[in-house]
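# build me a model from this:
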Amino acid sequence: MAGSKKSSTPRISTDIAAWEQDVRVGTYTRRSTTEDNQPYSIEAQNARLDSYIDSQHGWRHTVSFTDDASGASTERPGLQRALQAARAGVIDVLVVYRVDRFSRNLRDLVTLLDELDRAKVVFRSATEPFDTSTPMGRMLVQMLGMFAQFERDTIIDRVIAGMERKAAKGKWKGGKRPYGYRVDKPTQTLLADEAEAVVVRTIFDLYTCRRLGARAVAAELNARGHRASTGREWSGHHVLRILNSRIYLGELTFRGTTVTDTHPALIDAATFDHAQSVLEARGESHAHRAANSSDYLLTGRLRCPRCGRVMIGTRATGRSRTYRYYTCFNRARYDADKCDFARLDADSVDTAVLEALGKFYRTHHDLISQAITAQQRRHHDSSSDTRVELDAVTAELAKAHQAIDRYLNAFENGILDPELLALRVSELRTKTTQLTTRRDELAITLDNEPVVPKTATLDGIADHIAEIIGTGTRTQAKALIETLVAHVAVTGPDRLVPTFRIPQPGNDIRAGTASAVPAPMESVRAMTRLVDLMRAYSNQGTLTSTLEKLREQVSEQQKREPSAKGPKAHALARRLTAADREQIVAAYEGGASANQLAFDHQLAKGSILEILRTGGAAIRQQRRLSSEEIDQAVVSYQDGQSLAKIADRLGVKATTVRAALERRGIRRRDSHGRPR
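The predicted model follows:
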């Protein structure tokens, strides 16, 4: 074409001999993080590549790309930059030290070569004789890729086999040590770290006895000055990981192999099982999980009688105080056009239910006896069917054990193939585990006959309830509600019907809830609400010890309230559903603060604000404190109240209160209440 300008480096063919003398060369080097002692250092690769490029006539080294990463994936920054350079026409040849430096996966290698071919870039190895500009060269490169993948797979198999052998012998398989233990290098076994072991036991105690949620446990640990193994503050995720780990029972598990008694147990089996039952109960309901960190005592236990949606905690800020309500989700989200059921005053409802609970255990021993007697009759009527099933399961379990013995005898006599033995015995082991679990459940059901509590026991529970209501913290009142209140039916704007649980002091295993025979209805006026004692009650196992633990906590020094600031969003591997986002917007529009929502949902405040903006919520501006409010805050803080409580009373953020106190010259306290 007339007037066209010839490129200085035409890239028409992948045949290097057809190119002009100036060939632009890029190099790619890679070192795996586990190859410290292997002869593939970056320096050694660069030296070999420079020599190779110098030996090629007309080649010019223009750019280098490097990665410190495994070759199992193509998600490597240096490799991606090399591909971008190829697509942009910056290089004509890409040279590596060996093919396995480029990729150890055959499929990835073929894909990468195709991409280079589409970009008209030739691929070369400095130590392997092939040229991808020819069909023979491409075949050789793919064969080398097969060997590289084979080598990698062999290494993986050897490493896994070694870890399995270690686990089978009760030795630590390697990796990051579990919190609460240290690794004894000579024996490769786990030993208890006494300082961290105390924290592990504290986590289980706070979760099972004080009934704190995972985030509340983390806040308590941080307030006490404890830190995770990384040196950072505890989070709810870290707490849940410890609560779910069987390593604290002295067990090691790897790829389905579990070995017991390999190291000192930090938690007994009963405590661990109790924690698992609490985890399971809280995990069944998102509303129940949210109640663990919310200051609304009945979150998750109230439903709108008009539309059936859950009632959530909302706030409204007045001139002098913040008003708390339980509001139907539809009304909070879509206004009264969607649901016009009236809001319930949260303070009145919480107080009414707590007072009704105390009066029930103080004065209605006859109703408790009737409920237990009815449950005893149902237990007796169903015991015959339970016993028949238990006998059948026991017989089936015995047959499974006999079958395992027969297979083992056949193997010892040389009759049975080892692979067939392993397959069949594995199936039978799974079956025996399932049968054993069912047998234990049935045996517990037969033994767990409801017992009528003694009058002294019920009076003791009533005393504990009264003490917690009178002088306990919100956390203790929340735990009390979770322990003894099954749910609360809303039958009208001024009418609530709570369902209470009845403790069984003689049982170690908690029975499922079951309703009793109808009992006469009685009413008790509490503030502006009528709370009816329901005609049916439910039965749950050992709650006395839990209540005792709660009572003991009343007299302890008040701990610093956890900050409303949640963990950073990038540290949380969780996705919110559309319903979650709607609830966040509704709660904010109802008066909840962004900090409180961040704490409740374990998100960063910035993420909460982004959800609110996306949902069309009007972001509230921070309110300034008046001179009179600052005077009140100074007096309250000097009297020992926490920043969080003062802020909640004034309807502002804790940081606003802190800044106002600092402007007045008030020194901050540490976690023990001492001036800093």
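# what helix or strand is the most centrally placed residue in the chain on?
Central residue of the chain (C-alpha atoms, centre = their mean): H237, 4.3 Å from the mean position. Assigned by DSSP states H and E, H237 belongs to helix 236-244.
# equivalent analysis for T66, please.
T66 is part of strand 59-67, with elements assigned from DSSP H and E.
# and for that strand, what are the contacting residues?
22-31, 42, 46, 50, 53, 76-79, 81-82, 85, 90-91, 93 (C-beta atoms under 8 Å, 6 or more residues apart in numbering). From N, CA and C alone the C-beta is placed, and that goes for glycine too.
# how about a cut-off of 10 Å?
16, 21-32, 42, 45-46, 49-50, 52-54, 76-85, 90-96, 101, 124 (C-beta atoms under 10 Å, 6 or more residues apart in numbering).
# coming back round to it: measure the residue nearest to the centre of the chain to Q476 for me?
With distances taken as C-beta to C-beta, to the nearest Å, H237 is found 25 Å from Q476.
# using PDB, list the CA coordinates for stretch 425-434.
The C-alpha coordinates for stretch 425-434 follow below in PDB (Å, rounded to 0.1, in the frame of the first residue of the first chain):
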ATOM      1  CA  VAL A 425     -14.400 -52.700  56.500                       C
ATOM      2  CA  SER A 426     -14.600 -48.900  55.900                       C
ATOM      3  CA  GLU A 427     -18.300 -49.300  54.900                       C
ATOM      4  CA  LEU A 428     -19.000 -51.300  58.000                       C
ATOM      5  CA  ARG A 429     -17.100 -48.900  60.200                       C
ATOM      6  CA  THR A 430     -19.400 -46.100  59.000                       C
ATOM      7  CA  LYS A 431     -22.400 -48.200  59.600                       C
ATOM      8  CA  THR A 432     -21.400 -49.100  63.200                       C
ATOM      9  CA  THR A 433     -20.700 -45.400  63.900                       C
ATOM     10  CA  GLN A 434     -24.300 -44.500  62.800                       C
END
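# list the buried ones in that stretch?
When neighbours are counted by 16 or more other C-beta atoms under 10 Å, the buried residues of stretch 425-434 are found to be V425, L428, K431, T432.
# the last one contacts H401, correct?
What it means is T432. Yes - using C-beta atoms under 10 Å, T432 and H401 qualify as a contacting pair, with a distance of 6.6 Å.
# need the contact list for the residue nearest to L625 when sequence neighbours are not counted.
Closest residue to L625 apart from its sequence neighbours, by C-beta to C-beta, 6 or more residues apart in numbering: A660 at 5.2 Å. Taking C-beta under 10 Å, 6+ apart, we find A660 in contact with 624-627, 629-631, 633-634, 637, 646, 650, 652, 666.
# so which of those residues belong to helices?
S627, E629, I630, D631, A633, V634, Y637, I646, L650 (DSSP state H).
# TSV for these, including pLDDT?
Conversion of those to TSV gives the following (pLDDT from 0 to 100):
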residue	pLDDT
S627	79
E629	82
I630	85
D631	80
A633	83
V634	84
Y637	81
I646	84
L650	79
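# closest one of the residues you listed to L252?
Of all those, the one sitting nearest L252 is I646; the distance, using C-beta to C-beta, is 48.7 Å.
# and the closest one, what is it in contact with?
Contacts for I646 (C-beta under 10 Å, 6+ apart) come out as 561, 629, 632-637, 639, 652, 654, 656-658, 660-661.
# are any of those residues buried, and if so which?
Neighbour counting with 16+ other C-beta under 10 Å marks 561, 629, 633-634, 636-637, 652, 654, 656-658, 660-661 as buried within these.
# out of those, what pair is the most spread apart?
By the measure C-beta to C-beta, the buried ones among the contacts of I646 have their two most distant members at E561 and E629, which lie 19.0 Å apart.
# what pairs with V310 across the strands?
V310 forms beta bridges with R303, as assigned by DSSP bridges.
# care to break the chain down by domain?
16-156, 181-284, 347-561, 569-663 (automatic domain parsing).
# output the contacts of A660 in CSV; the columns should cover distance to A223.
As requested, those are arranged in CSV below (distance: C-beta to C-beta, whole Å):
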residue, distance to A223
R624, 28
L625, 25
S626, 30
S627, 31
E629, 26
I630, 25
D631, 27
A633, 21
V634, 23
Y637, 17
I646, 17
L650, 22
V652, 22
I666, 20
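# closest to V259 among the residues you listed?
Here the nearest of the contacts of A660 to V259, counting by C-beta to C-beta, is I646; it sits at 52.9 Å.
# all strands of the stretch 51-200 of the chain, in order?
Secondary structure of the stretch 51-200 of the chain (DSSP state E, counting those that start in this stretch): strands at 59-67, 93-96, 122-125, 181-184, 189-192.
# scratch that, the stretch 351-500 of the chain
Going by DSSP E, counting those that start in this stretch, the stretch 351-500 of the chain shows strands at 485-492, 495-502.
# off-centre distance for the first one?
Pointing back at strand 485-492 there. Shown here is strand 485-492, whose average C-alpha point lies 30 Å from the average C-alpha point of the whole chain (C-alpha atoms, centre = their mean, to the nearest Å).
# just checking, what packs against that strand?
If you count contacts as 3 or more C-beta pairs under 10 Å, 6 or more residues apart in numbering; DSSP states H and E, strand 485-492 packs onto strand 322-328, helix 346-363, strand 495-502, strand 529-532, strand 538-539.
# for the third one, list every residue counted as buried.
In other words, strand 495-502. Of all the residues in strand 495-502, those buried under the rule 16+ other C-beta under 10 Å are L496, V497, P498, T499, F500, R501, I502.
# residues touching the nearest residue to Q632 once chain neighbours are set aside, list them.
Among residues not flanking Q632 along the chain, L650 sits closest, at 7.6 Å (C-beta to C-beta, 6+ apart). For L650, the contact set (C-beta under 10 Å, 6+ apart) comprises 317, 320-322, 623, 625-626, 629-630, 632-633, 636, 656-657, 660.
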